[in-house]
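Colleague: need coordinates for the following:
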Amino acid sequence: MASIPLGPLALPAFFQNENTAHLILKAMKNMNVDDPAIFIQWNNNGFNDTPMANCRNGVAGQTKAAIINYIVGSGGVDFNGLNEMFLFKSPLAISRSQHGFPLWTYHQAGVADVCLSICRINKSSANGQIDYEIFDYPLVQK
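Modeller: Below you'll find the predicted structure:
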């Protein structure tokens, strides 16, 4: 796990977006020290790999909404209803969610992944740093 100063240039590239950074900082004010969150940068191409729009592999029900419903159903709170930042009440809850994603959401050779990146975020430390980890599992290529 890495810790980063809150300075914008020290953040990973996708966190340098002003709206994303604002969302993360706002969410962190609502988090307890031990409560993790995940931030997902979705890839709509991962749901449009066949002529059947918004359905992964052209299968009805294999949608971004289905993944969001899975995350919420496994304990994630959709922060601000934006479908990007999900707060969890414990590290165990986020781990259980992480390891139970439906198989169709995983990386598939020759098919765009359903998200460009997924990052676990932990409450900022007393010295003003954010603890985070970029993980490739699930939803993106390992």
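
Colleague: how distant is the helix or strand containing L116 from the center of its chain?
Modeller: Per DSSP states H and E: L116 is located in strand 115-122. In terms of C-alpha atoms, centre = their mean, to the nearest Å, the centre of strand 115-122 is found 4 Å from the chain centre.

Colleague: can I get it in CSV, CA atoms only?
Modeller: Output in CSV follows, covering the C-alpha atoms of strand 115-122 (Å, rounded to 0.1, in the frame of the first residue of the first chain):
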residue,chain,number,x,y,z
CYS,A,115,-13.0,-0.5,-16.0
LEU,A,116,-9.8,1.3,-16.7
SER,A,117,-8.7,1.2,-13.1
ILE,A,118,-9.9,0.4,-9.7
CYS,A,119,-8.3,1.8,-6.5
ARG,A,120,-8.8,1.0,-2.9
ILE,A,121,-8.6,4.1,-0.7
ASN,A,122,-8.2,4.3,3.0
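
Colleague: that strand: what's the following helix or strand?
Modeller: Defined by DSSP H and E, the subsequent element after strand 115-122 is strand 129-134.

Colleague: next, the angle strand 115-122 makes with that following strand.
Modeller: When axes from the mean of the first three to the mean of the last three C-alpha atoms, to 10 degrees is applied, the directions of strand 129-134 and strand 115-122 differ by 140 degrees.

Colleague: what about strand 129-134, average pLDDT?
Modeller: Taken as a whole, strand 129-134 has a mean pLDDT of 74.

Colleague: please begin residue numbering at 48 from this point
Modeller: Happy to do that; since the first residue is 48 now, the last one works out to strand 176-181.

Colleague: now the strands: where do they sit in this structure?
Modeller: Per DSSP state E, the chain carries strands over the ranges 49-52, 84-89, 124-125, 132-134, 162-169, 176-181.

Colleague: now for the fourth one, which elements pack on it?
Modeller: Pointing back at strand 132-134 there. Here strand 132-134 touches helix 65-75, strand 84-89, strand 124-125, going by 3 or more C-beta pairs under 8 Å, 6 or more residues apart in numbering; DSSP states H and E. In this view, the C-beta of every residue, glycine as well, is placed from N, C-alpha and C.
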